[in-house]
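Trainee: Give me coordinates for this.
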Amino acid sequence: MSFFRRGKLTEQNIQDALRQVKQALLEADVNYQVADDFVERVAAQAIGTEVLKSVRPDQQFIHIIHQELVDLMGPVDHSLHLRRDDVAVLMLCGLQGSGKTTTCGKLAKMLLDSGRKPMLVAADLQRPAAIDQLKIIGEQLGVPVYSEAPAAGAVRVCQNGVAAARKAGDIDIVILDTAGRLHVDAELMQEIEQIDKRVNPQQILLVCDAMTGQDAVNSAKAFNDALELDGVILSKLDGDARGGAALSIKAVTGVPVKFVGLGEQLDRLEPFHPERMAGRILGMGDVVTLVEKAQQQLDADQVAAQQKKMQEGKFSLADFQSQMKMIRRMGSMRDLMKYIPGMSRIADMLGGDHDPEAEMTRIDGIISSMTVAERENPDLIDRSRRQRIANGCGVDPSAVNKLLKDFSSMATMMKGMANLGMRDRLRTMSQMANGGMLDPGAQVQIQKQRSKRGVLDQEKKKKQRKEAKKQRKKNRR
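Mentor: As a prediction, this is how the structure comes out:
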């Protein structure tokens, strides 16, 4: 933020900056009144705040905003507080199309992984395909699904489902997939109120489509007024949604978001973390989730070997190509860009016509057209070699030249970050992407590493000069 140039936070530059913050919140689908109240609280806290000597005013202001967002969305208790002396009952509700039935399967998968034995109950009788969909999910997970003919009625199906689970003996939790509607209406509310009264579930969770923005907030308020929700699951957060619904739902209803759905696969339900969502809402990305994805997908030995090469300044185009292949295993580049601070808006600006995957394929093709020696030592590539490489992969020689220049700059930067952990490396990338606004800690670490290497380099050169001097004397003899 360019408003903070005088080294202090003033009422004028805070108000100027808050206009940008409010715009970012509204673009993230945060409720207008919630956004208004939020910027007022930030202004009250920021005005008159003493700026620490170790950080810039813009960094301190960003910290205040981020912390306020975290406080507003948290704290979050991910525990479902399920009873163990009897069959526990979870009820999922939500509007039609919110991803409720798929979320039932995701929740069952998560409970299976934690050692529980769930049963799914198909109580969404408004949508005939929902019963079949739940049965398919049950088969995929190896989880039993209780269902009856639609004429039985949703309340009776839920009661019979819980009774069947108790009778089975090895089931300790039941997940009720209740009916949805295209919008909140009296019939829907009456049905879920009756299920709540007759079955008495231990937890009632609302599934909200993160893509619907303000509609998600309105439906959450209506369901909470009728049922007193225990928590919210935000679905479809892997799409273009920035997550403003998470902030609005908690602010309007007081109900915490417990989990988020990040894809269609049944293992893509994750605990909700306010600090990560705060970065996503402000367009600063979600570094921690990206690190977790990397730790799950990347080869630790290969990463360690490449880090060593970076430290020694030997990181080559072949290593870069190998690193690209590892990154692609983490998912599509467009999705990954949304986690990187400063890159989420770029991903949105690229639109559907620009394909990051195609760009990586093109780079991979250029590197593959090089000889082994050229990949290890790009300085060998002169005009004639550039032409040969370009002909080999069907691109213009200028594209080869651009890759070589970009790689040279990147290699210098990566050498500076080589001794940092993955999280600090990504945070440093975030600082660069956001104009130096974030986390000065990583930059300090890089400077320390550079200084340390500078001292070591000087000592090495001094030793080499001494050895050369000894050799000259020996030769003169």
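Trainee: Do a quick rundown of the helices in the stretch 151-300 of the chain.
Mentor: 154-168, 186-199, 214-227, 244-253, 274-281, 287-297, 300-311 (DSSP state H, counting those that start in this stretch).
Trainee: Among these, show the one with the smallest mean pLDDT.
Mentor: Here the lowest mean pLDDT among those goes to helix 287-297, at a mean of 49.
Trainee: can I see the domain layout of the chain?
Mentor: Here the chain is described, according to automatic domain parsing, as comprising the domains 11-73, 88-272, 289-443.
Trainee: Out of those domains, point me to the one whose mean pLDDT is lowest.
Mentor: domain 289-443 (a mean of 67).
Trainee: With adjacent residues omitted, what lies nearest to residue 18?
Mentor: residue 39 (4.7 Å; Cβ to Cβ, 6 or more residues apart in numbering). Any C-beta I mention is one placed from the backbone N, CA and C, and that applies to glycine too.
Trainee: What's the local residue count around that neighbour?
Mentor: 19 (other Cβ atoms under 10 Å).
Trainee: show me where the stretch 1-150 of the chain has strands.
Mentor: With DSSP state E, counting those that start in this stretch applied, the stretch 1-150 of the chain shows strands at 88-93, 118-123, 145-146, listed in chain order.
Trainee: winner for burial among these?
Mentor: For the strands of the stretch 1-150 of the chain, the stretch with the most neighbours on average is strand 118-123, a mean of 27; neighbours defined as mean count of other Cβ atoms under 10 Å.
Trainee: what residues does that strand touch?
Mentor: With Cβ atoms under 8 Å, 6 or more residues apart in numbering as the test, strand 118-123 has contacts from 104-105, 107-108, 111-112, 130-131, 134-135, 137-138, 143-147, 154, 157-158, 161-162, 164-165, 168, 171-179, 195.
Trainee: Kindly recompute the last result at 7 Å.
Mentor: Residues external to strand 118-123 that are found in contact with it (Cβ atoms under 7 Å, 6 or more residues apart in numbering): 104, 108, 111-112, 130-131, 134, 138, 143-147, 154, 157-158, 161, 165, 171, 173-179.
Trainee: I'd like the distance from residue 64 to residue 218, if you could.
Mentor: Taking Cβ to Cβ, to the nearest Å as the measure, residue 64 and residue 218 are separated by 30 Å.
Trainee: go on, residue 374?
Mentor: As judged by Cβ to Cβ, residue 374 and residue 218 stand 60 Å apart.
Trainee: Those two: who's more crowded?
Mentor: Shown here are residue 374 and residue 218; by other Cβ under 10 Å, residue 374 has more neighbours (21 against 16).
Trainee: Can you spell out which helices and strands pack onto the one helix or strand the more buried one maps to?
Mentor: Assigned by DSSP states H and E, residue 374 belongs to helix 372-376. In terms of contact count using 3 or more Cβ pairs under 7 Å, 6 or more residues apart in numbering; DSSP states H and E, helix 372-376 is assigned the packing partners helix 317-328.
Trainee: Next, count neighbours for residue 33.
Mentor: If you count neighbours by other Cβ under 10 Å, residue 33 ends up with 11.
Trainee: ok, now the one 4 residues further on?
Mentor: The number of residues packed around residue 37, counting by other Cβ under 10 Å, is 13.
Trainee: who's in contact with the closest residue to residue 107 other than its chain neighbours?
Mentor: The spatially closest residue to residue 107, leaving aside those adjacent along the chain, is residue 175, at 5.9 Å (Cβ to Cβ, 6+ apart). Each residue near residue 175 by Cβ under 7 Å, 6+ apart is listed here: 90, 92, 104, 107-108, 118, 120-121.
Trainee: so what's residue 175 bridging to?
Mentor: When bridges are taken as DSSP bridges, the partners of residue 175 come out as residue 90, residue 120.
Trainee: Enumerate the positions of stretch 221-233 that are buried.
Mentor: Buried positions in stretch 221-233, judged by neighbour count with 16 or more other Cβ atoms under 10 Å: 221-224, 226-227, 229-233.
Trainee: Nearest to residue 472 among those residues?
Mentor: residue 233 (74.9 Å; Cβ to Cβ).
Trainee: out of the domains of the chain, deepest packed?
Mentor: Between the domains of the chain, the one whose residues have the most neighbours on average, counting mean count of other Cβ under 10 Å, is domain 88-272 (a mean of 20).
Trainee: how long is that one end to end?
Mentor: End-to-end distance of domain 88-272 (Cα to Cα, to the nearest Å): 22 Å.
Trainee: Is residue 80 in contact with residue 204, as I believe?
Mentor: No: in this structure, residue 80 is not within contact of residue 204 by Cβ atoms under 7 Å, at 10.9 Å.
Trainee: And for stretch 127-138, what's in contact with it?
Mentor: Residues outside stretch 127-138 that contact it (Cβ under 7 Å, 6+ apart): 96, 101, 104-105, 120, 122, 124, 144-145, 147, 177, 266.
Trainee: For the residues you listed, which two are the farthest from each other?
Mentor: Using Cβ to Cβ, the contacts of stretch 127-138 reach their maximum pairwise distance at 96 and 144, which is 24.8 Å.
Trainee: on that earlier part again, could you dump the helices of the stretch 151-300 of the chain into CSV and include distance to residue 399?
Mentor: Supplementary listing: the helices of the stretch 151-300 of the chain in CSV, determined by distance: least, Cβ to Cβ, whole Å:
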stretch, distance to residue 399
helix 154-168, 60
helix 186-199, 57
helix 214-227, 44
helix 244-253, 39
helix 274-281, 33
helix 287-297, 28
helix 300-311, 25
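Trainee: quick one: contacts for residue 389?
Mentor: 366, 369-370, 400.
Trainee: Now go through those and say which are in strands.
Mentor: The strands, defined by DSSP state E, take in nothing from the contacts of residue 389.
Trainee: between these, which is nearest residue 469?
Mentor: Out of the contacts of residue 389, the member with the shortest distance to residue 469 (by Cβ to Cβ) is residue 370, at 40.2 Å.
Trainee: So the closest one versus residue 474, what's the distance?
Mentor: The span separating residue 370 from residue 474 equals 42 Å under the rule Cβ to Cβ.
Trainee: Over to residue 164?
Mentor: In this structure, residue 164 and residue 474 are separated by 93 Å, where distance is defined by Cβ to Cβ.
Trainee: Then residue 44?
Mentor: 76 Å.
Trainee: Repeat that for residue 167.
Mentor: 94 Å.
Trainee: Repeat that for residue 359.
Mentor: 56 Å.
Trainee: re earlier: let me see the contact set for the residue nearest to residue 18.
Mentor: By Cβ under 7 Å, 6+ apart, the contact list for residue 39 reads 18, 21-22.
Trainee: what's the closest of these to residue 394?
Mentor: residue 21 (46.0 Å).
Trainee: so the closest one sits right up against residue 65, yeah?
Mentor: Yes: with contact defined as Cβ under 7 Å, residue 21 and residue 65 form a contacting pair (5.9 Å).
Trainee: if I look at the residue lying closest to residue 176 once chain neighbours are set aside, how far off is residue 227?
Mentor: Closest residue to residue 176 apart from its sequence neighbours, by Cβ to Cβ, 6+ apart: residue 91 at 4.5 Å. Relative to residue 227, residue 91 is positioned 8 Å away (Cβ to Cβ).
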